[in-house]
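S.K.: Pasting the sequence and the predicted model now:
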Amino acid sequence: MKIPATVITGFLGSGKTTLIRHLIENAGGKRLALVINEFGDLGIDREMLLGCGIEGCGEDEIVELPNGCICCTVADEFLPTMEMLLDQPEPPDHIIIETSGLALPKPLIKAFNWPEVRSRVTVDGVITVIDAPAVAAGRFADDPDAIQDERKDDPALDHDSPLEELFEDQLLSADMVVLNKTDLVDGDALTAVRSEISGIVRPAAKMVPAVHGKLDPGVILGLDARAEDDLNGRRSHHDTEDDHDHDDFVSFVVTLDPIADPAVLEGRIRMIAEQHDVLRVKGFVDVPDKAMRHVVQAVGDRIQRYYDRPWNADEQRRTELVVIGQTGLDQTAIHAVLMGENAPALLEAV
């Protein structure tokens, strides 16, 4: 019997990690293995899961494929990781794969047809998580037909739309779309989002609303989609391409001194979101006189902050933030805002 694997994809900051935490909390004794793929080299998502304090969420259950897109490193990183999980004396009951926000799902689905894993694991389902308020605001989706019509009339528009194409590719591969953060939109806006998404997804794909990614695992796990056998039914803007890159995005790390007042840092993050169109900020904050590590996650100007766990005795307390946006970000200006007046910081390109 093949081990089921669920691929969880979605744009930056849609709530994938929060959804996974809820799945772990409500696993009901099922042995879950997690494969985490991040854009940026700090391992933020893995650290957040390790710091959640949930049973079954430890070092041995979480494998990280850092600094890149899982669909670009199938042979070198992903397949050896899958073989390692499958070769354990007690293999997992279910494998959950969280892709980076920049990943194309279809090449990853194709990888499940490789001889090394095809007879042992199957894609139970592809779950695409979307940020409902962002889509309601028109931030990450365009009408592809309208764009094509405009391109015919205006040669200046004859170019790729990487954000929109990425968003659509993630939806086109989905067996289920999670409309996350529905508490932040009203009924009319949610209806509009549903209508927009339904115009993109495959007819068989289901849509479910969620708040903070809180869904019964029985809704997401056990879809039995066998997606690797249905590649032709999952269109992609990149079907004719052998590869792709992420030159349209940039990620860099800002390291700061301890932050006495996290609310001040929140204000600075809000400022760079407004002034520089930053897509995502996430990281950890060292708050003096606090034994707990402070977590910061931001999507645009929407920011979450919380203390997740105590700093370990052998762990260096630090304030580090990953900033993600489209190529062309003014890193120097963003660095200066996050630094604040006379607060030294180190900027490391990745």
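M.R.: Cool, the structure landed. Numbering: from 1, shown residues only.

S.K.: looking at the chain, which helix or strand does the model trust least?
M.R.: helix 144-153 (a mean of 44; mean pLDDT, DSSP states H and E).

S.K.: following that one, which helix or strand shows up next?
M.R.: helix 162-172 (DSSP states H and E).

S.K.: Show me what that next one is packed against.
M.R.: helix 105-111, strand 121-131, helix 144-153 (3 or more C-beta pairs under 8 Å, 6 or more residues apart in numbering; DSSP states H and E). In short, each C-beta sits where N, CA and C put it, glycine included.

S.K.: Restricting the selection to alpha carbons, write the second one to CSV.
M.R.: To tie it back to what came earlier, the one meant is strand 121-131. Output in CSV follows, covering the C-alpha atoms of strand 121-131 (Å, rounded to 0.1, in the frame of the first residue of the first chain):
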residue,chain,number,x,y,z
VAL,A,121,4.1,6.9,-2.3
THR,A,122,1.3,8.7,-4.0
VAL,A,123,0.1,12.3,-4.1
ASP,A,124,-3.0,12.2,-1.9
GLY,A,125,-3.9,15.8,-2.8
VAL,A,126,-2.6,19.2,-3.7
ILE,A,127,-3.9,21.9,-1.3
THR,A,128,-3.5,25.5,-2.3
VAL,A,129,-3.9,28.0,0.5
ILE,A,130,-4.8,31.6,-0.5
ASP,A,131,-4.9,34.8,1.4
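
S.K.: Please compute how far the next helix-or-strand element following that strand lies from its chain's middle.
M.R.: Later in the chain than strand 121-131, the nearest helix or strand by DSSP H and E is helix 132-136. Distance, stretch centre to chain centre, for helix 132-136: 16 Å (C-alpha atoms, centre = their mean, to the nearest Å).

S.K.: contacts for helix 132-136?
M.R.: Contact with helix 132-136 is made by 11, 13-14, 140-141, 179-182, 184-185, 189-190, 192-193, 196-197, 209, 299-300, 302, as judged by C-beta atoms under 8 Å, 6 or more residues apart in numbering.

S.K.: buried subset of these?
M.R.: 11, 13-14, 140-141, 179-182, 185, 189-190, 192-193, 196-197, 209, 299-300 (16 or more other C-beta atoms under 10 Å).

S.K.: Out of these, which sit inside helices?
M.R.: Applying DSSP state H to the buried ones among the contacts of helix 132-136, the entries found in helices are 189-190, 192-193, 196-197.

S.K.: where does the protein dip in pLDDT?
M.R.: Residue ranges of the chain with pLDDT under 70: 38-77, 140-162, 239-249, 341-350.

S.K.: Could you chop it up by domain?
M.R.: 3-233, 249-349 (automatic domain parsing).

S.K.: deepest of those domains, which one?
M.R.: Compared across these, domain 3-233 shows the largest average neighbour count, a mean of 18 (mean count of other C-beta atoms under 10 Å).

S.K.: what distance separates that one from the centre of its chain?
M.R.: That offset, for domain 3-233, works out to 7 Å (C-alpha atoms, centre = their mean).

S.K.: Could you work out the end-to-end span of it for me?
M.R.: 23 Å (C-alpha to C-alpha, to the nearest Å).

S.K.: do stretch 87-107 as well
M.R.: End to end - C-alpha to C-alpha - stretch 87-107 spans 23 Å.

S.K.: Please renumber the chain so that the first residue is 728 from this point on.
M.R.: With 728 as the first residue, the last one maps to stretch 814-834.

S.K.: Contacts made by stretch 833-847 with the rest, please.
M.R.: 729-730, 732, 734, 797-799, 801, 805-806, 809-810, 813, 824, 826, 848-850, 853, 896, 900, 954-955, 958, 961, 963, 965-966.

S.K.: can you map out the strands along the stretch 728-877 of the chain?
M.R.: Using DSSP state E, counting those that start in this stretch, the strands of the stretch 728-877 of the chain run over 730-737, 759-764, 789-792, 821-825, 848-858.

S.K.: got the angle for the second one vs strand 821-825?
M.R.: Here strand 759-764 runs at an angle of 20 degrees relative to strand 821-825 (axes from the mean of the first three to the mean of the last three C-alpha atoms, to 10 degrees).

S.K.: tell me the contacts of the residue most central in space within the chain?
M.R.: Nearest to the geometric centre of the chain sits residue 828, at 3.9 Å (C-alpha atoms, centre = their mean). Listed by C-beta under 8 Å, 6+ apart, the contact set of residue 828 reads 737-741, 743, 766, 1007, 1051.

S.K.: between those residues, which is closest to residue 890?
M.R.: Checking those against residue 890 with C-beta to C-beta, the nearest one is residue 738 at 8.2 Å.

S.K.: Contacts only, for the closest one.
M.R.: 828, 857-858, 861, 867, 893-894, 897.

S.K.: same question, residue 858
M.R.: 737-738, 740-742, 867, 907-908, 1026.

S.K.: show me where the stretch 928-1077 of the chain has helices.
M.R.: Along the stretch 928-1077 of the chain, the stretches classed as helices by DSSP state H, counting those that start in this stretch are 944-947, 989-1003, 1058-1066.

S.K.: closest to residue 930 out of the ones you listed?
M.R.: Short answer: helix 944-947, nearest of the helices of the stretch 928-1077 of the chain by C-beta to C-beta, at 19.2 Å.
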